[in-house]
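> kindly generate the corresponding structure for this input.
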Amino acid sequence: MLEHLNVIGQFQKLKKNETLKGSAIEKYKAARVSRLRELYTLYEPLLEKRCTYEHPNDARYNCYSMFPADENAVNSPFDLPDFESQMPDVDDFK
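Down below sits the predicted model:
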């Protein structure tokens, strides 16, 4: 289920002479991070404030938390069905 998130596994699948060098790995990580930032801004969920604990006597002690308004919607880029196709390709950094 989480095979598409296994970045180390992708590096291990490369042939011996096709491994990424240190600077290429850093560039690949930076590209993934920047793309994830873009995707998080696109798929930022609408949040609503909900009471998680209601004090029996004094409402000043109630606890509130923020939750996605629509929990069935895509609330994270990792939930996208084509997540890995939207991320940078390892082959571009060889």
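
> my guess is residue 66 contacts residue 49. True?
Yes - at 5.9 Å, residue 66 counts as touching residue 49 under the criterion of Cβ atoms under 8 Å. In short, each C-beta sits where N, CA and C put it, glycine included.

> so which bits of stretch 42-62 are buried?
residue 45 (16 or more other Cβ atoms under 10 Å).

> which residues are in contact with it?
63-70, 73-77, 80 (Cβ atoms under 8 Å, 6 or more residues apart in numbering).

> first residue to last residue on that stretch, what's the distance there?
32 Å (Cα to Cα, to the nearest Å).

> now do it: distance to the chain's middle.
24 Å (Cα atoms, centre = their mean, to the nearest Å).

> next SSE downstream of the worst-scoring helix or strand of the chain on mean pLDDT?
Across the helices and strands of the chain, mean pLDDT, DSSP states H and E gives its lowest value to helix 7-13, namely a mean of 63. Moving toward the C-terminus from helix 7-13, the next helix or strand (DSSP states H and E) is helix 22-42.

> state the mean pLDDT of that following helix.
Averaged over helix 22-42, pLDDT sits at 88.

> after that helix comes which helix or strand?
Per DSSP H and E, the helix or strand that comes after helix 22-42 is strand 47-53.

> quick one on the thing from earlier: check the contacts of stretch 42-62 and tell me the two furthest apart.
63 and 80 (31.9 Å; Cβ to Cβ).

> between these two, which is the more surrounded one?
residue 80 (15 against 10; other Cβ atoms under 10 Å).

> and that one, what is it in contact with?
Applying Cβ under 8 Å, 6+ apart, the residues contacting residue 80 are 39, 43, 74, 86.

> and it, how far from residue 35?
12 Å (Cβ to Cβ, to the nearest Å).

> got it, and residue 54?
Residue 54 is 41 Å from residue 35, by Cβ to Cβ.

> I'd say residue 94 and residue 24 touch.
Yes - counting by Cβ under 8 Å, residue 94 touches residue 24, with 6.8 Å between them.

> how many neighbours does residue 28 have?
Neighbours of residue 28 (other Cβ under 10 Å): 21.
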